[in-house]
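K.L.:
Could you work out the structure for the sequence below:
(4 chains)
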2 protein chains.
Amino acid sequence: MTPEPLPAPAPLAAPGPPPAPDLPPMLLDLDSYLLSRIGRTARARLAERLAGRGLRLWDMAVLAALADFGPQAQRDLVRRLGVDPSDLAKVADQLAAAGYVERARDQTDRRRVTVSVTGAGRELLAELDAEARAVQGEVLAPLDEAERRALHGLLLRVHEGLGGAGSGL
Amino acid sequence: MTPEPLPAPAPLAAPGPPPAPDLPPMLLDLDSYLLSRIGRTARARLAERLAGRGLRLWDMAVLAALADFGPQAQRDLVRRLGVDPSDLAKVADQLAAAGYVERARDQTDRRRVTVSVTGAGRELLAELDAEARAVQGEVLAPLDEAERRALHGLLLRVHEGLGGAGSGL
DNA sequence: ATCATTAGTGGGTCGTCACCCACTATAGGG
DNA sequence: CCCTATAGTGGGTGACGACCCACTAATGAT
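P.N.:
Coordinates of the predicted model:
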């Protein structure tokens, strides 16, 4: 297990313990662990950037959904993104207040509120996308282009396999 | 060489909103997003299994560190794992109470508490490792052996690139 | 008109997690 | 000895994310 075993606990002038994190090989061998750590980092860094604009990850997800699928009722966004209706209402509220989306009562069914991106929304989304890609650049720095493409393909397949199962973002 | 990740051009103005989550291509194109989602799922599923035993992820991490690097002071675990000293104390406390680790005052420096895994601890760790691999099997289900190895290699390199930067597990 | 159903909203709860502070005990240097 | 630094501990805090409930408005069927 351990290439450099143990006891030799030199009381002073400690040789072993590094100041920088040096994780157990046992954990590094687990994909679930690596996935968790890397995903966490990517998420955190992206969230950090968005926070600089007063936005959260859900804001971006909603904008993306609207841009990709066109104007739609909140109900549909809820189904698509797997977000709680109540939470979506809050996100939509904030995005509307900032002028990134518009909400209008559906005239054929006045219960529904149809949400659509505004020009400013699309502009913002483009910037957010750039931010996300910048984060990607940081995180995937050790990989060359071909490797990134390979990774992306694998991740996509894994993601599909997950189904919409898990809740949350 | 090039698996085409462009199966479906965006279905515009879809008539029937799907009951199952159908995420925006724009997001699926972002590795930061996929990483975040997949990592989250892997983490959640592993945590769920550990919770069944009344354990958390940190417990496993600590056990792994002890198994891989041998008995050591909490101070060293703190440095290695990048965990808060106070939090580690709690984890160690719980593990000791359950009989998975032993704590003993270091006689050469009575401030230090040397922690070591017990037989039960190693046994438990083996089981936890099996659980983790089971989760892995679920998550990576869509990939064959060769692909999993490829993914693992890529993830390892990416993880190294992160350095010990981010905090937390 | 009545009733069950659906869309949206506001408010609040709960569990998790990382972080920080105050405190004790010990060590080591002057 | 005194003084400062370090190891460990207990307790608490604040942010965050997911979830849930009660309520209103509108719909569609009977």
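
K.L.:
Residue A:51: how many residues sit nearby?
P.N.:
11 (other CB atoms under 10 Å in any protein chain shown). Using the backbone N, CA and C atoms, a C-beta is placed for each residue, glycine as well.

K.L.:
how much space between it and residue A:159?
P.N.:
Separation of residue A:51 from residue A:159 (CB to CB, to the nearest Å) stands at 25 Å.

K.L.:
cool, and residue A:111?
P.N.:
Counting by CB to CB, the separation of residue A:111 from residue A:159 is 33 Å.

K.L.:
The most centrally placed residue in chain A: what's its closest spatial neighbour, skipping adjacent residues?
P.N.:
With distances taken as CA atoms, centre = their mean, residue A:43 lies nearest the centre of chain A, 4.8 Å away. With CB to CB, 6 or more residues apart in numbering or on different chains as the criterion, residue A:43 has its nearest non-adjacent residue at 3.9 Å, and that residue is residue B:36.

K.L.:
Number of residues surrounding the one you found?
P.N.:
There are 25 residues near residue B:36, going by other CB under 10 Å.

K.L.:
In contact with it, which residues?
P.N.:
For residue B:36, the contact set (CB atoms under 8 Å, 6 or more residues apart in numbering or on different chains) comprises A:39-40, A:42-43, A:46, A:57, A:169.

K.L.:
you'd agree it is in a helix?
P.N.:
Yes - looking at residue B:36 with DSSP: H, G, I helix; E, B strand; the rest coil, it is inside a helix.

K.L.:
now it: how far from residue B:155?
P.N.:
Distance from residue B:36 to residue B:155, by CB to CB: 14 Å.

K.L.:
same check, this time on residue A:118
P.N.:
39 Å.

K.L.:
which of these two has more neighbours?
P.N.:
Just comparing residue A:118 and residue B:155: by other CB under 10 Å the higher neighbour count belongs to residue B:155, 22 against 16.

K.L.:
My guess is the more buried one contacts residue A:33. True?
P.N.:
No - judged on CB atoms under 8 Å, residue B:155 makes no contact with residue A:33 at a distance of 9.4 Å.

K.L.:
I'd like to know how many residues surround residue A:122.
P.N.:
14.

K.L.:
Check what pLDDT it gets.
P.N.:
Note on residue A:122: pLDDT of 97.

K.L.:
Neighbours of the nearest residue to it once chain neighbours are set aside, how many?
P.N.:
Spatially, and ignoring its direct neighbours in sequence, residue A:122 is nearest to residue A:67 (6.3 Å; CB to CB, 6+ apart). When neighbours are defined as other CB under 10 Å, residue A:67 has 19 of them.
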